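Chemist: Here is my input; please provide its structure:
(chains A and B)
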Protein chains: 2
Amino acid sequence: MAVGLGPLPTLHPVPGFELGIASAGIKRVGRKDVVVMRCAEGSRVAGVFTLNAFCAAPVILAKQRAQGEVRYLLTNTGNANAGTGEPGLRAAERTCAKLAELTGVAASAVLPYSTGVIGEPLPVEKIEAALPAALADLAEDHWAQAAEGIMTTDTLPKGASRQFQHDGVTVTVTGISKGAGMIRPNMATMLGYIATDAKVARDVLQDLVRDAANKSFNRITIDGDTSTNDCCMLIATGKANLPEITAASGELFAKLKQAVFEVFMEVAQSIVRDGEGATKFVTVQVNGGGTHQECLDVGYAVAHSPLIKTALFASDPNWGRILAAVGRAGVPQLDVGKIDVYLGEVCIASQGGRASTYTEEQGAAVMAQAEITIRIELGRGACSETIWTTDLSHEYVKINAEYRT
Amino acid sequence: MAVGLGPLPTLHPVPGFELGIASAGIKRVGRKDVVVMRCAEGSRVAGVFTLNAFCAAPVILAKQRAQGEVRYLLTNTGNANAGTGEPGLRAAERTCAKLAELTGVAASAVLPYSTGVIGEPLPVEKIEAALPAALADLAEDHWAQAAEGIMTTDTLPKGASRQFQHDGVTVTVTGISKGAGMIRPNMATMLGYIATDAKVARDVLQDLVRDAANKSFNRITIDGDTSTNDCCMLIATGKANLPEITAASGELFAKLKQAVFEVFMEVAQSIVRDGEGATKFVTVQVNGGGTHQECLDVGYAVAHSPLIKTALFASDPNWGRILAAVGRAGVPQLDVGKIDVYLGEVCIASQGGRASTYTEEQGAAVMAQAEITIRIELGRGACSETIWTTDLSHEYVKINAEYRT
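Modeler: The predicted structure is shown next:
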């Protein structure tokens, strides 16, 4: 049911970054559920992590260890290792220690990532047993296989890739992501890995992952449920034969930033396009806000409203539900007489009421499309924010009612 | 599909308060959709109203006019007269003026209430034409008919009644409510009318409606969507032969308060029991909070989570979703190691992780029930809050996808 999401595009290999996939049989025998990623020596890694207070054991470890030297990222699906307390932390450490032992690196150079059911013990032995096969599979051109290996309720793998030239050198940025439910990233998303062969100063890399995630992963929502396991990692292997990029790097930094932002945006939006039960890809654009926060409050009130989401599913231009959501978003001293609302290019509400030019047929024509933009003009200031979301379908209820069966 | 909601209980007439029902054919010919309520001369009326910034035209008028003498409450279903701007306000004034003309009272003594589709013009002529029939139908024992007359997507009428004795005099409190969707009342709910024949000082009546609504209507949520038309009115006709109740009235005030609170709670919970598509009646109890607000934040995060609501629908004790919702509720410095979670009497999570005594069978047994309590112990302080909500079923999506067809 994914909306406008086709087969994976070409995912250019990133020199110095290899991916290996194996099957540990965590949830189903034969399913690819373990992915090992190897970063070349000297790589720099920066990440953003969930702000959910119940953050999972692997998130706690990965967050700590991302501060030091990073050589391996170890991901499993089928089990989130969240809500597992102290034993969960020990379990995550054990899988990392095993990978370290097999590869001769320090245990602290291995970062764990888990996704799947919350609250069940991590099957450590199964994961350990799959590591040799994953290591044997390591290759720079295994991005597509890894994109499949990190899927849970996703129906399609998600990835994006960009290249640019600088001083005759080709620089690559490639990324993959997963996630279809429990998606309202807060500082990161349910697993995103983006790598580049550019050489990037540590502080620049950290700013880049934060800024790119803020404009992409942190602006998508499927169900409003921030996950316990959100992680988004940006890896720079430094293999491209170019000087180190610092904040003062001018054109080279600008090119890298654009490529990184584009890859982040594409893989983040892919998560929405493949949202659980999604039949619509919805852009909620809020303009004219006095602050960015009030634009976000309005945008999320609209994006999370079950009434709007079911109307979107039904292709019903029930715009009164949009006004109601804007009105309850908690914006102080909101003057509804200044608000305009657009469905696509059609003005449905003007100065807080039904637009005199609006006809139900116009609204229905926009709602019939698979990709819809709801634009809200608050008329209070110059701030804007954009959020991407899905509709709420029968299939969503079915998927989530049957998730563990 | 209503949960634990039977036929209407006996609704005792309130001396001095009459109700009349008629059919204006607003949405469907023959449907009872206009209700007129008459308050005896000298009655006092207090109300609480939606905080949605897009509050409907009738809410604006009713709020203003509740300050003065009130003789009639005029309710229509099938059209919310919300998002209708200045013309909507004129339309509401016209229906009130017509009723005033027919009854010889001041137009300002008529308060309008509307519920139904947002954003369509109010069919003033149809309502005006139905007023004589509604007036001819006025009677003190028409509470049950009025409870049906204010229904929209409700499957059952909702009402409650209490009586108490004081100095040999019987005092009655009777109320009705409607609402099944767009329910997260904020200071009030989607139409509640509660009347008593006690004589109550104006300031006491206002405090009473606010306090009772805060503990009842303002603690229920079906979909998180605060309506544009929420109103809850408390009418005191003063016909009971007792002294006026003031804050200093001691035992009489205490008895009235208890009866009023009980009626408010029963009609508010009835709304949840008849929530759109509801198959479960869910109590979310949050204890041990440092503040009431953080208890509410946690309670609403749980009550609004589509993942928890679909798990409840599936009777799946997927308690990891509860932990995840608690973790993202935004409670500052939340120590997850102090959190216990109970399903009914079963401890499912202790100190932030799976309880060692917990078995899936225990959880499944609780989830199989139609009425479920989720209790969260935060271990931070002495504050508690309770919220009532429903699950999220296929039927919910169906109802809201087909609402206007």
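
Chemist: and the stretch 101-250 of chain A, which residues reach chain B?
Modeler: Proximity of the stretch 101-250 of chain A to chain B (C-beta under 8 Å from any C-beta of the partner chain) is limited to residues A:117-120, A:181-182, A:184, A:186, A:223-228. All C-beta atoms are positioned from the backbone trio N, CA, C, and that covers glycine.

Chemist: just checking, which of those belong to strands?
Modeler: Per DSSP state E, strands hold the following members of those: residue A:117.

Chemist: Name the nearest residue to residue A:157, sequence neighbours excluded.
Modeler: residue A:147 (3.6 Å; C-beta to C-beta, 6 or more residues apart in numbering or on different chains).

Chemist: Quick one: residues contacting that neighbour.
Modeler: By C-beta atoms under 8 Å, 6 or more residues apart in numbering or on different chains, the residues touching residue A:147 are A:8, A:11, A:157, A:158, A:159, A:176, A:178.

Chemist: residues near the fourth one, how many?
Modeler: By that I understand residue A:158. Neighbour count of residue A:158, defined by other C-beta atoms under 10 Å in any protein chain shown: 27.

Chemist: which SS class is the nearest residue to it once chain neighbours are set aside?
Modeler: Nearest non-adjacent residue to residue A:158, counting by C-beta to C-beta, 6+ apart: residue A:270, 3.8 Å away. With DSSP: H, G, I helix; E, B strand; the rest coil as the basis, residue A:270 sits in helix.

Chemist: Now do the same for residue A:270: its pLDDT.
Modeler: Model confidence at residue A:270, given as pLDDT, is 90.

Chemist: Does it touch residue A:6 like I think?
Modeler: No - counting by C-beta atoms under 8 Å, residue A:6 is not a contact partner of residue A:270; they are 10.0 Å apart.

Chemist: Look at these two and report which has more neighbours.
Modeler: Using other C-beta under 10 Å as the criterion, residue A:270 and residue A:6 rank with residue A:270 on top: 27 against 8.

Chemist: these two touch, right, residue A:152 and residue A:178?
Modeler: Yes - contact criterion C-beta under 8 Å: residue A:152 and residue A:178 qualify, at 6.5 Å.

Chemist: what's the overlap in contacts for these two?
Modeler: Common neighbours of residue A:152 and residue A:178 (criterion: C-beta under 8 Å, 6+ apart): A:77, A:115.

Chemist: What is the burial count for residue A:36?
Modeler: 27.

Chemist: quick one, what contacts it?
Modeler: Taking C-beta under 8 Å, 6+ apart, we find residue A:36 in contact with A:19-22, A:72-75, A:99, A:131, A:134-135, A:137-138.

Chemist: where do the helices sit along chain A?
Modeler: Remark: helices assigned in chain A by DSSP state H are A:57-65, A:85-103, A:124-136, A:143-149, A:202-215, A:251-273, A:292-304, A:306-313, A:320-327, A:360-367, A:394-401.

Chemist: hey, which of those helices is tucked in deepest?
Modeler: Stretch with highest mean neighbour count among those: helix A:320-327 (a mean of 28; mean count of other C-beta atoms under 10 Å in any protein chain shown).

Chemist: circling back to that earlier point, tell me which of the contacts of residue A:36 is nearest to chain B?
Modeler: Nearest to chain B, judged by C-beta to the nearest C-beta, of the contacts of residue A:36 is residue A:75 at 18.7 Å.

Chemist: the domain parsing of chain A - what is it?
Modeler: If you go by automatic domain parsing, the domain ranges for chain A are A:17-271, A:281-401.

Chemist: Now do the end-to-end distance for the shortest one.
Modeler: Going back to what we said before, that points to domain A:281-401. By C-alpha to C-alpha, to the nearest Å, the extent of domain A:281-401 from end to end equals 22 Å.

Chemist: rewinding a little: which one of residue A:152 and residue A:178 is surrounded by more residues?
Modeler: The residue with more neighbours, out of residue A:152 and residue A:178, is residue A:178; 28 against 20, by other C-beta under 10 Å.

Chemist: thinking again about what came up before, would you turn the helices of chain A into TSV with distance to residue B:369?
Modeler: Listed next are these as TSV, based on distance: least, C-beta to C-beta, whole Å:
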stretch	distance to residue B:369
helix A:57-65	32
helix A:85-103	28
helix A:124-136	35
helix A:143-149	40
helix A:202-215	42
helix A:251-273	35
helix A:292-304	28
helix A:306-313	24
helix A:320-327	32
helix A:360-367	39
helix A:394-401	17
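
Chemist: So which of those is nearest residue B:245?
Modeler: With C-beta to C-beta as the criterion, residue B:245 lies closest to helix A:320-327 of the helices of chain A, at 35.7 Å.

Chemist: The closest one and chain B, any residue contact?
Modeler: Yes - using C-beta under 8 Å from any C-beta, helix A:320-327 reaches chain B at A:320, A:321, A:323, A:324, A:325, A:326, A:327.

Chemist: Go through these and name the one nearest residue B:54.
Modeler: Within the residues of helix A:320-327 next to chain B, the smallest distance to residue B:54 is 3.1 Å, found for residue A:327 (C-beta to C-beta).

Chemist: how near is the residue nearest to residue A:157 to residue A:154?
Modeler: According to C-beta to C-beta, to the nearest Å, residue A:147 stands 9 Å off from residue A:154.

Chemist: Spell out which residues are contacts of both of those two.
Modeler: Residues touching both residue A:147 and residue A:154 by C-beta under 8 Å, 6+ apart: residue A:178.

Chemist: For residue A:38, give me its contacts.
Modeler: By C-beta under 8 Å, 6+ apart, the residues touching residue A:38 are A:17, A:18, A:19, A:20, A:71, A:72, A:138.

Chemist: wait, doesn't the fourth one sit right on residue A:139?
Modeler: Put plainly, it is residue A:20. Yes - Residue A:20 is within contact range of residue A:139, at 7.1 Å (criterion: C-beta under 8 Å).

Chemist: Which residue of these two possesses the greater neighbour count?
Modeler: Neighbour count, other C-beta under 10 Å: between residue A:20 and residue A:139, residue A:20 has more, with 23 against 15.

Chemist: Any idea what the more buried one is bridged to?
Modeler: residue A:36 (DSSP bridges).

Chemist: For chain B, what's its nearest residue on the stretch 101-250 of chain A.
Modeler: Closest residue of the stretch 101-250 of chain A to chain B, C-beta to the nearest C-beta: residue A:118 (2.5 Å).

Chemist: pLDDT weak spots in chain A?
Modeler: A:1, A:186-190, A:404-405 (pLDDT under 70).

Chemist: for the residue of it most remote from its centre, what are its contacts?
Modeler: Most distant residue from the mean C-alpha position of chain A: residue A:356, 39.9 Å away (C-alpha atoms, centre = their mean). The contact partners of residue A:356, taken as C-beta under 8 Å, 6+ apart, are residue A:350.

Chemist: Chain B contacts on the stretch 251-400 of chain A?
Modeler: Proximity of the stretch 251-400 of chain A to chain B (C-beta under 8 Å from any C-beta) is limited to residues A:304-307, A:310-311, A:313-314, A:316, A:318-321, A:323-328, A:331, A:334, A:336-337, A:349, A:351-354, A:392-394, A:396-398, A:400.

Chemist: Look up the closest residue to whichever residue of the stretch 251-400 of chain A sits closest to chain B, ignoring the ones flanking it.
Modeler: When distances are taken as C-beta to the nearest C-beta, the stretch 251-400 of chain A reaches nearest to chain B at residue A:320, 2.4 Å away. Spatially, and ignoring its direct neighbours in sequence, residue A:320 is nearest to residue B:118 (2.4 Å; C-beta to C-beta, 6+ apart).

Chemist: Right, I'll call it a day here.
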